[in-house]
Structures are given as C-alpha cells and as structure tokens.
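>>> Next comes the sequence, and after it the predicted model I'd like to discuss.
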Amino acid sequence: MKLRPATAADIPALHALETKLFPSDRLSLWSFRYHRKNARAFLRVLAGPDKIPAGYILVLYRGKTARLYSIALAPAAQGQGWGGKMMQAAIKDAKQRGAAKISLEVRARSHKVVKLYESF
C-alpha cells in the first residue's frame, strides 16, 4: 500500500468508500473534486498495487490551523496501522505548511478512531 495524491480517476472510488462507511455527513462527489485541486487541502489516497483506493485522508487549511476533515479506511485495510501512517503524513504536511495546530471532530462512540487520534 502507498499513500499518494488523489487523482481525478480516484474520485468515484473515494465517493463510493465514503458512502459505504458514513451513513450521514459525508463528502459529495463535488467536494472530492474540489478538494483534489484546492491548494489549501491535503487529500491523499491509500492504494495498493491495483491502484484502487483503500482509504484517504483530507486535511483543510485556514490560516495557521489545519483541520482533519475526514479520514476513511476500507474495512479490509483497518487494524493494520494505515490510519496512523495517514495521520503521520498529514502531521508532516501541516508542519511543512507552518500550521500551529491541527483540529478535528469525532463521534465519541467511534472508539477505535478516538484511540487513534489520542495516540498523537
């Protein structure tokens, strides 16, 4: 698996993953297309040799604040450390852009995700 910038060809698969994983409050096709080209966004895709997205991370920047907007992993890719690797890449990008802090929101019932975020 490799973390790489999102391409236009990834957008339908990212939206399908988003729809599968999040029953509400999900990104639209338009949002994925917009943020792929947005200079104030960090959108990276986790994909294997088949190039099919197994996950993604989206961080949005405003001033000196980075906001982890969304992170998603296909069930088959969960529990293997990929979420942490995506977080590390996002933190590195935030530091390079001079962000003073990273903010996020998470549902308290998402125990695995809360544990991941607390590890940073």
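Here it is on my side, so go on. Owing to the predicted nature of the structure, the values given are computational and were not obtained by experimental measurement.

>>> Figure out the length between the terminal residues of stretch 58-72.
From its first residue to its last, stretch 58-72 covers 9 Å (Cα to Cα, to the nearest Å).

>>> Would you mind listing the outside residues contacting that stretch?
Stretch 58-72 is contacted from outside by 17-18, 21-22, 27, 35, 38, 40-43, 55-57, 83, 86-87, 90, 93-94, 97-104, 113, using Cβ atoms under 8 Å, 6 or more residues apart in numbering. (Glycine included, C-beta is placed from N, CA and C.)

>>> cutoff 6 Å now
17, 21, 35, 40-43, 55-57, 90, 94, 99-104 (Cβ atoms under 6 Å, 6 or more residues apart in numbering).

>>> Mean confidence (pLDDT) on it, please.
The pLDDT scores in stretch 58-72 average 93.

>>> Name the residues of that stretch that come out as buried.
By neighbour count on 16 or more other Cβ atoms under 10 Å, the buried set for stretch 58-72 is 58, 59, 60, 61, 66, 67, 68, 69, 70, 71, 72.
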